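Chemist: please work out how this folds:
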Amino acid sequence: VKDRNEVVRVCRSMLDIAERTYEIHEMNEHDPGLVRRVKELCNSLTQENVIGAKVSQAMGLQGDIRELTRTITTRHIEMETIQNGIADLSNEAKSLEESVAEKIKAKLVLNELSIEKINSRCPTFKEYAEMWLSLPHERKESTQQNYERYLKNHIYPHIGNMRVEQIGRKDLKLLFDKISINNVELSSCRTIRIPLSGVLDHAVDSELIEVNHLKNIKFSKNKVKYKINPLTEKETVSLIKEMLNFKDGVFYPPLLCLLRTGIRIGELQALTWSDVDFENRLIDINKTWWRGNVTSTKSDRTRKVDMSKQLTEALRELKHNQWKKYAGKDVPKWVFAGARDNVLCLHVFRNALNQCLKAAGLPHVRIHDLRHTYATIRLLRGHNIGDVSYQLGHSDISTTYNVYTHWIPGKFKSEIDELDMHPDAPYTHPKEKVSL
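Modeler: From the prediction side, this is the model:
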């Protein structure tokens with residue numbers, strides 16, 4: 001009976017521990033039937049005939065309670081770790097908040113930030129590009145209009161309605177992929193890229209975006225293939241003869257000028273008599289005519305081109321006829337004045353060229369192909385390509401090489417043969433062919 005009472009006392013103590021443990025950690029996962037089993041055990045311990053069995057059960061329950069206590073202790077430690085982590089994050093967030101607040105306060109003090117700026121929405125690319133185009137600039141009028149056309153035809157349809165801040169690298173890459181699919185040449189893609197990059201650079205300077213993603217996009221470096229269709233020297237002679245007899249030769253001087261100088265049609269239209277130096281047989285190319293306005297040359301450089309004797313006499317006669325027609329008064333300033341004393345009409349000259357080509361039985365060529373004709377004839381005659389490049393007004397001689405060198409294959413054999421004429425060469429050119 002004494003042992004039985006001791007066991008009952010121990011079990012009741014264990015019951016109290018289990019009840020307090022359950023109340024404190026009721027949210028933890030453990031066996032909710034543990035307390036109930038301990039109570040049942042204590043109530044049954046009063047029966048003497050089952051004291052031994054109940055003692056064994058009590059000892060087993062004691063092991064379960066120990067395991068449960070260890071589990072609860074582990075959960076306690078985990079919960080404390082999580083709470084400490086949350087506290088650390090809270091401190092970091094508070095520190096970041098204070099830092100941002102200080103930066104905003106500094107911008108407000110420097111008047112770099114206003115409520116209007118905070119509340120204003122980011123403009124669309126089209127809105128921002130139109131603003132960029134309207135800013136003061138030093139671009140030529142022709143360049144400005146080209147930029148407007150590139151943006152309208154190629155850029156706005158794809159990203160015009162997107163917010164500037166939303167435009168990413170993938171959007172720009174997709175844009176040029178679509179442009180390429182439409183068979184736009186590589187050189188045109190690079191040209192379209194210029195105004196687009198200008199808009200994005202301005203957005204970076206205005207702190208609308210962090211970086212111009214277009215600068216990370218590279219195009220293929222495939223060599224550009226130039227398509228030219230020049231006349232041969234013999235065909236040129238036939239064309240000049242036909243033009244000389246067409247409508248009293250009124251279009252003969254401008255045609256001859258294009259074929260003998262290689263200048264661009266806009267440069268020819270903008271020529272004034274003050275640009276012509278008869279004494280030194282030079283023409284000063286310092287401007288061009290583009291869509292009804294006089295502007296600088298394509299490369300923004302001036303150059304002096306040589307006149308052949310035939311061209312010099314043709315222009316001298318043209319000037320004499322103009323003075324005779326106007327009796328020396330109100331003579332048009334344009335060298336190739338049109339019917340209304342304005343610049344030469346491009347449409348009228350093109351029609352005259354087409355009619356003369358057809359009458360002479362020659363293939364159709366563009367006005368710009370007369371420039372190519374000048375270049376190829378000179379190069380086929382072995383003229384210095386550097387001078388040809390200068391006369392054409394190319395900004396880089398590599399452009400001349402890329403466009404025209406394939407038209408003169410095998411034309412430098414005489415220069416190669418000169419290598420054999422070196423005094424130390426083992427032999428000179430044989431007078432007779434030696435059979436092998």
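Chemist: in the stretch 101-250 of the chain, where is pLDDT below threshold?
Modeler: For the stretch 101-250 of the chain, residues meeting the criterion pLDDT under 70 lie at 104-121, 182-188, 219-226.
Chemist: ranges for the helices of it?
Modeler: 115-119, 125-134, 141-150, 156-159, 169-181, 186-205, 233-244 (DSSP state H, counting those that start in this stretch).
Chemist: Leu353 reaches Pro254, doesn't it?
Modeler: No. Look at Leu353 against Pro254 with C-beta atoms under 8 Å: they stay out of range, at 9.6 Å. To be clear about C-beta, it is placed using only N, CA and C from the backbone, and glycine gets the same treatment.
Chemist: returning to what we had before: any chance of the helices of the stretch 101-250 of the chain in a markdown table with distance to Leu311 and mean neighbour count as columns?
Modeler: As requested, the helices of the stretch 101-250 of the chain are exported to a markdown table (distance: least, C-beta to C-beta, whole Å; neighbours: other C-beta atoms under 10 Å):
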| stretch | distance to Leu311 | mean neighbour count |
| --- | --- | --- |
| helix 115-119 | 62 | 8 |
| helix 125-134 | 41 | 18 |
| helix 141-150 | 27 | 16 |
| helix 156-159 | 46 | 16 |
| helix 169-181 | 43 | 15 |
| helix 186-205 | 32 | 17 |
| helix 233-244 | 11 | 17 |
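Chemist: among these, which is nearest Ile285?
Modeler: Of all these, helix 141-150 sits nearest to Ile285, with 15.9 Å by C-beta to C-beta.
Chemist: and that closest one with helix 186-205, angle?
Modeler: With axes from the mean of the first three to the mean of the last three C-alpha atoms, to 10 degrees as the criterion, the two stretches helix 141-150 and helix 186-205 enclose an angle of 90 degrees.
Chemist: pull the residues that contact helix 141-150.
Modeler: Helix 141-150 is contacted from outside by 133, 137, 139, 191-192, 194-196, 198, 290-291, 293, 295, using C-beta atoms under 8 Å, 6 or more residues apart in numbering.
Chemist: I'd like the helices of the stretch 101-250 of the chain as JSON lines, with distance to His368 appended.
Modeler: Formatted as JSON lines, the helices of the stretch 101-250 of the chain follow (distance: least, C-beta to C-beta, whole Å):
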{"stretch": "helix 115-119", "distance to His368": "50"}
{"stretch": "helix 125-134", "distance to His368": "28"}
{"stretch": "helix 141-150", "distance to His368": "16"}
{"stretch": "helix 156-159", "distance to His368": "29"}
{"stretch": "helix 169-181", "distance to His368": "24"}
{"stretch": "helix 186-205", "distance to His368": "16"}
{"stretch": "helix 233-244", "distance to His368": "15"}
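Chemist: okay, buried residues for the host helix or strand of His372 please.
Modeler: Assigned by DSSP states H and E, His372 belongs to helix 368-380. Of the residues in helix 368-380, those scored as buried under the neighbour-count criterion (16 or more other C-beta atoms under 10 Å) are 369-379.
Chemist: distance from the chain centre to the helix or strand just after that helix, please.
Modeler: Scanning the chain past helix 368-380 towards its C-terminal end, the next helix or strand to appear is helix 385-392 (assignment: DSSP H and E). Computed by C-alpha atoms, centre = their mean, to the nearest Å, the chain-centroid distance of helix 385-392 equals 31 Å.
Chemist: could you point out which element follows helix 385-392?
Modeler: The element immediately downstream of helix 385-392 (helix or strand, assigned by DSSP H and E) is helix 397-404.
Chemist: count of residues packed around Ala339?
Modeler: Residues within reach of Ala339, counting by other C-beta atoms under 10 Å, total 9.
Chemist: of the contacts of helix 141-150, closest to Glu165?
Modeler: Of all those, Glu165 sits closest to Leu196, with 15.8 Å by C-beta to C-beta.
Chemist: against Glu207, how distant is the closest residue to the closest one other than its chain neighbours?
Modeler: Of all residues not flanking Leu196 in the chain, Ile155 sits nearest, at 5.7 Å (C-beta to C-beta, 6 or more residues apart in numbering). Note on Ile155: its distance to Glu207, by C-beta to C-beta, to the nearest Å, is 22 Å.
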